[in-house]
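Peer 1: here are the coordinates; sequence isn't available:
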């Protein structure tokens, strides 16, 4: 089961699914506030519970990128029945400092207000994808057309309910995870390389994979390489 990033939809996994479809079934969700789920309002815990209800105890793996990695980690920590492993692309265990986390939440709230007031998804996407975080992601690979199906209200609700500032810090809980967790990070995304290097040291069954010539959106920038890596992960014991 695959969980996309903020402003994306399940369609963003199409290339990866094409590479893996012969050996795996990829269920690509539209997360709350996005795509076909634009009307759904849910925080990280509620989204994890929705995943649990969808899987109904059947064995499955979770794959998440950025926002989707927050969802996947929340679900993993909840010990959802049937979950066999999690793969987090550009994930984090949350902002540890209380003041920094509160400030991030305030910034996300302000950005949500701005999105609603402007009421122009295309204009917002131009600014969002122009951030230094996505400097290595070319417009051709960003999938802007797919992102344009989103609504201002949906994106605003996702920021308010599931933004980075809403994620409970789980650094001290990582060693309680019993399933395998693979962390994938673009080697050019130094901040997340540092975060994930710290995370893997706390996981009981954690593995860190750096993707050369890629930044925050490694699965878009190096789609073939990341698809092959995920295939190897899923095929491993």
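Peer 2: Thanks, I have the structure now. Remember, it's a predicted structure, so these values are computed and weren't measured experimentally. Numbering: from 1, shown residues only.
Peer 1: any idea how far residue 202 is from residue 123?
Peer 2: Applying C-beta to C-beta, to the nearest Å, the value for residue 202 to residue 123 is 40 Å. Glycine gets a C-beta too; all of them are placed from N, C-alpha and C.
Peer 1: ok, these two, which is more surrounded?
Peer 2: Comparing residue 202 with residue 123 by neighbour count (other C-beta atoms under 10 Å), the higher total belongs to residue 202, at 16 against 11.
Peer 1: please, which helix or strand holds that one?
Peer 2: Assigned by DSSP states H and E, residue 202 belongs to no helix or strand.
Peer 1: would you map the strands across this structure?
Peer 2: Taking DSSP state E as the criterion, the chain carries its strands at 2-3, 60-65, 83-89, 180-186, 206-211.
Peer 1: mind listing what's buried in the longest helix along the chain?
Peer 2: Counting residues, the longest helix found in the chain (DSSP state H) is helix 98-118. Neighbour counts over helix 98-118 (16 or more other C-beta atoms under 10 Å) mark 101, 104, 105, 108, 111, 112, 115 as buried.
Peer 1: nearest to residue 80, of those?
Peer 2: Distance to residue 80, by C-beta to C-beta, is smallest for residue 101 among the buried residues of helix 98-118, at 24.7 Å.
Peer 1: tell me the contacts of the residue nearest to the closest one when sequence neighbours are not counted?
Peer 2: The spatial neighbour of residue 101 that comes closest, neighbours along the chain excluded (C-beta to C-beta, 6 or more residues apart in numbering), is residue 95 at 4.1 Å. Residues in contact with residue 95 (C-beta atoms under 8 Å, 6 or more residues apart in numbering) are 101, 104, 164, 165, 167, 169.
Peer 1: looking at those, which is nearest residue 87?
Peer 2: Of all these, residue 167 has the smallest distance to residue 87: 17.9 Å, by C-beta to C-beta.
Peer 1: check what pLDDT the closest one gets.
Peer 2: pLDDT recorded at residue 167 is 98.
Peer 1: who touches the closest residue to it other than its chain neighbours in this structure?
Peer 2: Nearest residue to residue 167, sequence neighbours excluded (C-beta to C-beta, 6+ apart): residue 94, at 4.3 Å. By C-beta under 8 Å, 6+ apart, the contact list for residue 94 reads 101, 164, 167, 168, 169, 170, 171.
Peer 1: swap the cut-off to 7 Å and go again
Peer 2: By C-beta atoms under 7 Å, 6 or more residues apart in numbering, the contact set of residue 94 is 167, 168, 169, 170.
Peer 1: surely the last one meets residue 75?
Peer 2: No: shown here, residue 170 and residue 75 do not form a contact pair, counting by C-beta atoms under 7 Å, at 11.8 Å.
Peer 1: who has more neighbours, these two?
Peer 2: Between residue 170 and residue 75, counting by other C-beta under 10 Å, residue 75 is the more crowded of the two (25 against 20).
Peer 1: number of residues surrounding the nearest residue to that one once chain neighbours are set aside?
Peer 2: Closest residue to residue 75 apart from its sequence neighbours, by C-beta to C-beta, 6+ apart: residue 48 at 3.9 Å. Number of residues near residue 48 (other C-beta under 10 Å) recorded here: 22.
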